[in-house]
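Trainee: The sequence isn't on hand, but the structure is:
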């Protein structure tokens, strides 16, 4: 499907909640507060989608995959899977199929394998920070996104998958296009299909190579894995690659951008993280809570469900606004909109909840912790963000920055 | 201290560490009585997978409470 730019301009955005509304993308939180207070179950007629915005409602929905199914895709768009032409992915399945496929890659996320990643991640972060300092010494303005925020998760995802360093630069345009397709089907679907084709060609070749010459990487393990007595096809394996790249690549990158903004607003808390790195792990959870990179994902009801006196019919798309639930004062208290790195956090929604909880959450936490530790030790507070030239990602589904220039004062 | 922390050598896959994803599900082979009683959050997660806490537990929630001489054998679920 392709809609021309002229046609796109005629879209009348829903004033209460529309993920494509540029005003909402600029600052979604007043919209989310109004949804929670006045429309805790909202129906967006244009998208034919229900919206949940309160913490408790989202939390419960995510933990009931029997009723809130992922099998019809994860955005309000009804035909997203067929439109994108993507391989079958376990994130778009329900238990027990989801469980069997997810289990195949959990070996990449055991305590031992994650621990083994730590020195590689630290060495990479240190190298990137020192390179940034060298450029800064030459008087250059540093764009945090391409210098470290984006390459860091790319390196980690590529390492887990077994992609050689010289091919890693291919990842970013793919993940950009795939996630922006989710952001606006009416405009970007063709670009996303091109990205999916690029990914299919590359990893298809890699599957064949690993079948001929096995190594110890994840793709080799997937070529050797069996589900219900059958080995996985290349197309099945591509589904895993798609999840790793789309889910693991620019989520962490966006998080670093968002955190930089939050800590710029709260310099005392930034200083505390630098002076006392022991508080970084809890600070990471709070930063994840206050600005969820994934603003929300959808499910499809398998039966009629009632909320606030309204029945959601079976077969309806329900969009769960994680970022709104993360700021719901009913759950977090009256200061839910404020950053507090000492906040007691039980379960935020930024990695989802239930069986689709982000499988790489602990790898993401590890990357982020090391990032803050090394940035704190090597640059500390000696930088300023050039907000006039920062550019926010134009997406209603993921929140982050595409450009974030900083001036490092050595 | 939960089992994931207490026995890293077992190398049980994990993700949420908070009774939500079920990644660390393990079959109870022996000694289930020596494990802490499953709470509602854990029971809800096990139910998603069609499991009962008598047979399957979450490593991130289970604690050995039966004393030092208690033998508990667990096996990572392979479904």
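Mentor: Cool, the structure landed. Note that the structure is predicted; figures quoted are calculated from it, not measured. Numbering: from 1, shown residues only, chains lettered A, B, ... in the order given.
Trainee: Helix, strand, or coil at residue B:27?
Mentor: strand (DSSP: H, G, I helix; E, B strand; the rest coil).
Trainee: Tell me how many other residues crowd the nearest residue to it once chain neighbours are set aside.
Mentor: Leaving aside its sequence neighbours, residue B:27 sits nearest to residue B:75 (CB to CB, 6 or more residues apart in numbering or on different chains; 4.6 Å). The way it works is simple: take the backbone N, C-alpha and C, and place the C-beta from them, glycine included. Neighbour count for residue B:75, taken as other CB atoms under 10 Å in any protein chain shown: 12.
Trainee: go on, residue A:202?
Mentor: 17.
Trainee: before we move on, back to that, before we move on, which element is the residue nearest to residue B:27 in?
Mentor: strand B:73-76 (DSSP states H and E).
Trainee: The residue nearest to residue B:27 and residue B:12 touch, don't they?
Mentor: No: using CB atoms under 8 Å as the test, residue B:75 is too far from residue B:12 to be in contact (10.0 Å).
Trainee: Identify the contacts common to the two.
Mentor: residue B:26 (CB atoms under 8 Å, 6 or more residues apart in numbering or on different chains).
Trainee: In stretch A:276-288, which residues are buried?
Mentor: A:277, A:279, A:280, A:282, A:283, A:284, A:285, A:286, A:287, A:288 (16 or more other CB atoms under 10 Å in any protein chain shown).
Trainee: what's the answer for stretch B:67-78, then?
Mentor: In stretch B:67-78, counting by 16+ other CB under 10 Å, buried: B:72, B:74, B:76, B:77.
Trainee: got the end-to-end distance for that stretch?
Mentor: 29 Å (CA to CA, to the nearest Å).
Trainee: sorry, back to before: with respect to chain B, which of the buried residues of stretch A:276-288 is nearest?
Mentor: Chain B lies nearest to residue A:285 out of these, by CB to the nearest CB, at 10.9 Å.
Trainee: Check the secondary structure at that closest one for me.
Mentor: With three-state DSSP as the criterion, residue A:285 reads helix.
Trainee: which ones are touching it?
Mentor: Contacts of residue A:285 (CB under 8 Å, 6+ apart): A:345, A:348.
Trainee: Run a quick check on residue A:135 versus residue A:142, I expect a contact.
Mentor: Yes: taking contacts as CB under 8 Å, residue A:135 lies within contact range of residue A:142: 6.0 Å.
Trainee: More neighbours: which of the two?
Mentor: residue A:142 (21 against 14).
Trainee: Look up the residues forming beta bridges with that one.
Mentor: residue A:406 (DSSP bridges).
Trainee: and if you look at residue B:25?
Mentor: Beta-bridge partners, per DSSP bridges, of residue B:25: residue B:58.
Trainee: Quick check: the residue nearest to residue B:27 vs chain A, distance?
Mentor: 13 Å (CB to the nearest CB, to the nearest Å).
Trainee: could you pull out the helices for chain B?
Mentor: B:3-6, B:40-48 (DSSP state H).
Trainee: which residues are contacting the last one?
Mentor: Same thing as helix B:40-48. A:63, A:65-66, A:95, A:354-355, B:19-22, B:25, B:38, B:52-53, B:56-58, B:61.
Trainee: circling back to that earlier point, find the pair from the buried residues of stretch A:276-288 with maximum spatial separation.
Mentor: Comparing all pairs in the buried residues of stretch A:276-288 by CB to CB, the longest separation belongs to A:277 and A:288, at 17.5 Å.
Trainee: What is the burial count for the nearest residue to residue A:165 once chain neighbours are set aside?
Mentor: Leaving aside its sequence neighbours, residue A:165 sits nearest to residue A:158 (CB to CB, 6+ apart; 7.5 Å). For residue A:158, the tally of surrounding residues (other CB under 10 Å) stands at 23.
Trainee: Please identify the helix or strand for residue A:158.
Mentor: helix A:151-161.
Trainee: State the mean pLDDT of that helix.
Mentor: For helix A:151-161, the mean pLDDT works out to 91.
Trainee: where does residue 3 land on pLDDT?
Mentor: Since no chain was named, I'll use chain A. 38.
Trainee: actually it's chain B I care about, not the one you picked
Mentor: Reading off the model, residue B:3 has pLDDT 70.
Trainee: Ok, residue A:184 next?
Mentor: So, for residue A:184, pLDDT stands at 47.
Trainee: Contact residues of chain B facing chain A?
Mentor: B:4, B:8, B:11-18, B:20-23, B:44-45, B:48-50, B:77-79 (CB under 8 Å from any CB of the partner chain).
Trainee: Quick check: residue A:125 touching residue A:151?
Mentor: No: using CB under 8 Å as the test, residue A:125 is too far from residue A:151 to be in contact (9.8 Å).
Trainee: Grab the nearest non-local neighbour of the residue of the stretch 1-150 of chain A found nearest chain B.
Mentor: Closest contact between the stretch 1-150 of chain A and chain B, by CB to the nearest CB, is at residue A:106 (3.4 Å). Spatially, and ignoring its direct neighbours in sequence, residue A:106 is nearest to residue B:13 (3.4 Å; CB to CB, 6+ apart).
Trainee: again, but for residue A:379
Mentor: residue A:408 (6.1 Å).
Trainee: Same check on residue B:36?
Mentor: Nearest one to residue B:36, counting by CB to CB, 6+ apart, is residue B:63 at 4.3 Å.
Trainee: Please, which helix or strand holds the spatially most central residue of chain A?
Mentor: Most central in chain A under CA atoms, centre = their mean is residue A:251, positioned 3.5 Å from the mean C-alpha point. Assigned by DSSP H and E, residue A:251 falls within helix A:250-265.
Trainee: Which strands and helices lie in contact with that helix?
Mentor: Where contact means 3 or more CB pairs under 8 Å, 6 or more residues apart in numbering or on different chains; DSSP states H and E, helix A:250-265 is packed against helix A:144, helix A:151-161, helix A:171-183, helix A:267-275, helix A:280-290, helix A:361-378, strand A:383-385, strand A:401-403.
Trainee: Kindly tell me how buried residue A:320 is, as a neighbour count.
Mentor: 25.
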